[in-house]
Structure formats: C-alpha cells, structure tokens
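Undergrad: Build me a structure from this.
(2 chains)
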Amino acid sequence: MSITPGGICKPGTTISNKTGGWRNFRPIYDYDKCTKCKLCELLCPDMSVLEREDGYYDFDYDYCKGCGLCANECPVDAIEMILEEK
Amino acid sequence: MAILREADKDKMTVVEGSYAVAHAVKVCRPHVISAYPITPQTHIVEELSQFIADGEIPNCAYMNVESEFSALSALVGSAATGARCYSATTSQGLALMHEVLFNFSGLRLPMVMTIVNRALSAPINIWNDQQDSISQRDTGWIQLYAEDIQEASDMIAQAYKISEDKDVLLPAMVCMDGFILSHVYEPLVLLEEDLTNEYLKPYETNYKLDPKNPLSFGAFADPSSYTEFRYLQQQAMDKAINKVEEAADEFKELYGRYYGGVIDTYMTEDADIILCAMGSIIGTLRDVVDNLRSNGKKVGLLKVRAFRPFPAEAIKQAVSNTSVIVALDKNISIGLNEGALLTELKSILYNTNLNMPVIGFSIGHGGRDIPEKTIEDIVQKAENVIKSGISHESEFVDLREDLI
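TA: I've put the predicted structure just below:
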C-alpha cells in the first residue's frame, strides 16, 4: 500500500491496520454467567464484540484494545480481564 | 533578467497594489475566499469582497470568519473538495495560522495566499519587514517574493499554476512588502482575463471530499509511515523548483512579462560584489547597482524570487565568479544574529568549492526606510571584505546609537 497525496484513504481502511497489539488486558467470557443481554456488543468502542450463531458473543482480538469497558459494564460479571503475557 | 514592460504601455492603468492583487485573484477564478482583515492586507480583501458583492466573481463563496485561524481552517475543508482557494493575511494573522499552515501542506492541498509582509509584535508595529513569512519557513509552503506590484499580481496566476501542479500539490504564499507595495499606486497592466483563462486551467483532482465517493482526509500516521510523508513533501518541493521556472517561462511567452524564475540576476556576470535580497528592496538595489556601475564598481544583484523551495543550484551558478556575497535580510533569527538569506546562502556554499565570503545585514525592520546611501555604505563594507577579510559576518544596519 503506497501513500496517496496527503494520505487520503478510502473508507474502512482501519480494517487493514490491526490494533489488537496495543492490548494489555484480554477480556474473557464466562459463558455460564452470560445472559446474552447485548450490552458488551453495544458499548464496545471498537466493534470488537461479534455475535455468534448461538446468540453468545466472541471477542475479535485483532482489534480489541483491552479497554475493559465491557467487563466494567457487564451486569452479571461474565467478563474477566486477564493480563496479556507471552 | 527581468523584461521591462515597454510593449504594454497602452494597456497600463494606475491602481493601488492591493487592487491589482485583488483583480488578479478575480481573474484566476477562485471558488472559495476566506480571510480576516488586518493591516496592511485589508485593501485586498475589501476589494475582493466588493467584487463578490457586485457579482464579478461567479461561482465563488466569500466566507466571513472570526479569525485568521478560522479563515485558513475553512479553506482546508474547501480545498479538500477540489475548490480553488484564496486568502490573504500578514504578521499576527499569519502567526495565528501557524498550526493550520502545516495541515494545509501536509494534506497536500493547493491554494494561494498573499502575505502582505509586516513586522511582528511586540512592540506592536504595522509597517513592513519580512519576519512574518520567514518565520513560517518550515511549514511546507512554497514562498515567492515579489519586487513590485505588477509582479505581485502576476505572481498570483503563476502561484496557482505551481501549487496545483500534480507533481507539486503544495500551498503557496505570494509575499509582497506591506505598504511599500500594498498601498502604492503605480502604472501596471491588470492581469488579463482572456490570457489567464488560457494560462490557468481549472484545478482537477482525483481526491476530493464528495459524499457520493467518501474518502478520509487527515488520517493518522504512526512512526511506521510519518517519515515517508515528510520525504514526499520534500520531493514535491524539489520538483517545484522546475515548476517555478516553467510557470515564469510560460507566463513570459503568453503575457510578455518576466521577472525571473526561482531567481533573477542583474549584472552579476562580471560582478565582484553580489547583493542578494528579496521583495521590494530589489527596486532600490537596481538603482544603486546602476549608480555604482557608472562609477566603475563591479556590483551585481541577485533577486531571490523563491525562498521555498530554495534555489540552491541556481544561486551557486549565479555567484560562482564573484568575490563577496552580501545578504540583505528584513528579518532576523534572534540568538543567531542572522537573517534567513544569510543563513541559507552560507549553508548552500558549504561543502562546495565556492569559498567566497558571505556577509549579511539586518535591514528595514519595522518599516525603517532603506535609502540608497545605506546600500552604498554596505557595498563599501563589502569592498573592505575583499581587501582585508570579514570583520563582521552579520550586523544591524543604521542602528540609532542615541536610543540604545
């Protein structure tokens, strides 16, 4: 991908720029507690909460920056933030 | 060498410098003008405002804004839609635009802005020097300096041609000395509308803000690509050197008027002393050179038209046989005690086999008059440098010792 004059880009180019590497804490679902209330999906600022066919959710770790907003807001504490380690 | 405009006498009229510039802007068919009035730029935007009110600039919006910062910011958005944009400012107004100047050039948007050069506060002073535009040296804008009002108005068309060139795409400042040029009435040829239609084609770009074809402008560049943006701007500036020459040559062919390309020279071929300067002081220097030549002194004049891109190669060629170079600067870098031309001239000659001395004089600050006698004294000092070497590399001119 070469630079256009002034760095003008087509829409949606953030897809090619994977930002998950910025993450310090990784959110993990506890599906036994999850009630499928949808709050995490609605609140995620990076559209990194993806709905599965069974109505539960997965995180898209390519883009999740680990902000922890979902874990903080989850009404049933079904999301745990785990320190990213090598 | 500049072509004196004998052939145009029948087309000449007497107008104020600001009117000539406003008229030139009008015939360049801008789409958006945004500016905030500030002395000594005010007459230009007043005239443009009147043209708009009289319906003389079709398909053009004049945006009233609350500051120079807003004026240029509004034009960032306008230029991104593919509009041809114009503004004018000076001094504190240009300083207030500082942040947006980088945005304009970094986004590689073309536009032309007249800088009516004026001193900066404090102490507050509305008169001419070139500290304002020189202080914006590294913003990535092309900077052209005009000698007289004919050149300042003709330069508007040249600047659009250079700025909008696909290999350049950088905004351009056309700098003219405040009051000395902006408020002077002189005979000149108003920029010809028919010729300008031929000279300046409509600005076309593949990249523009358009809801039907959405694009992101002003995206983020992290350390993995920011360097390349700066590199590409530098490359565009390098290409602009030839474009300045081409724009001047094409202008000469079509309009019959020529003021030099990136530089202009006057009697430099056999000169022992070359005076180097920018802007309206060139007119005074031409007269001094004539006088001294008639007394047998081999003095020449190097007019720098393009300060950015800096015409290093053209200058090196022009000065290669001289004994001393004298830079006259209406600006100063306080703490280095050098004007910008002195600094640049020394820097381009270093690492070459050209070893002639370069001296500089800080002159005309805050509108201080520059009489011919002052230049003659400077030439005398340059003669002393040839005889006995440099005693002062850079100094203030005509200091009033009674005030210090």
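Undergrad: CA only for contacts and neighbour counts going forward, please
TA: Will do.
Undergrad: List the contacts of whichever residue of chain A sits closest to chain B.
TA: Chain B sits closest to residue A:6 of chain A, with a gap of 3.9 Å, by C-alpha to the nearest C-alpha. For residue A:6, the residues meeting the contact criterion (C-alpha atoms under 8 Å, 6 or more residues apart in numbering or on different chains) are B:106-109, B:217-218, B:229.
Undergrad: I'd like these as CSV, with pLDDT, distance to chain A and neighbour count appended.
TA: Shown next, in CSV, are the contacts of residue A:6 (pLDDT from 0 to 100; distance: C-alpha to the nearest C-alpha, whole Å; neighbours: other C-alpha atoms under 10 Å in any protein chain shown):
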residue, pLDDT, distance to chain A, neighbour count
B:106, 97, 6, 23
B:107, 97, 4, 24
B:108, 97, 5, 28
B:109, 97, 8, 28
B:217, 91, 5, 18
B:218, 89, 7, 13
B:229, 96, 7, 19
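Undergrad: Out of the residues you listed, list just those in strands.
TA: Per DSSP state E, strands hold no members of the contacts of residue A:6.
Undergrad: Give me the subset of these lying in helices.
TA: Applying DSSP state H to the contacts of residue A:6, the entries found in helices are B:106, B:229.
Undergrad: what phi and what psi does the backbone show at the residue of chain A closest to chain B?
TA: phi 70, psi 10 (degrees, to the nearest 10).
Undergrad: so where's chain A uncertain?
TA: Low-confidence segments of chain A (pLDDT under 70): A:1.
Undergrad: Number of residues surrounding residue B:361?
TA: For residue B:361, the neighbour count with other C-alpha atoms under 10 Å in any protein chain shown is 25.
Undergrad: Specify the local secondary structure of it.
TA: strand (DSSP: H, G, I helix; E, B strand; the rest coil).
Undergrad: Next up, the contacts around it.
TA: Shown in contact with residue B:361 (C-alpha under 8 Å, 6+ apart): B:326-329, B:338-339, B:394-397.
Undergrad: Name whatever forms a beta bridge with it.
TA: residue B:328, residue B:395 (DSSP bridges).
Undergrad: so how far is chain A from it?
TA: Residue B:361 is 38 Å from chain A, where distance means C-alpha to the nearest C-alpha, to the nearest Å.
Undergrad: Kindly indicate which of the contacts of residue B:361 lies nearest chain A.
TA: Of all the contacts of residue B:361, residue B:339 has the smallest distance to chain A: 31.6 Å, by C-alpha to the nearest C-alpha.
Undergrad: Would you list the phi and psi of the nearest residue to residue B:89 once chain neighbours are set aside?
TA: Leaving aside its chain neighbours, residue B:89 sits nearest to residue B:115 (5.3 Å; criterion: C-alpha to C-alpha, 6 or more residues apart in numbering or on different chains). Dihedral pair for residue B:115: phi -110, psi 120, per degrees, to the nearest 10.
Undergrad: unless I'm mixing things up, residue B:115 is touching residue B:179, no?
TA: No. Residue B:115 is beyond contact range of residue B:179, at 11.9 Å (criterion: C-alpha atoms under 8 Å).
Undergrad: Could you report the distance from the residue of chain A most remote from its centre to residue B:348?
TA: Taking C-alpha atoms, centre = their mean, the residue of chain A most remote from its mean C-alpha position is residue A:5, at 31.8 Å. With distances taken as C-alpha to C-alpha, to the nearest Å, residue A:5 is found 29 Å from residue B:348.
Undergrad: Return the distance of the residue farthest from the centre of chain A relative to residue B:40.
TA: In this view, residue A:5 and residue B:40 are 34 Å apart by C-alpha to C-alpha.
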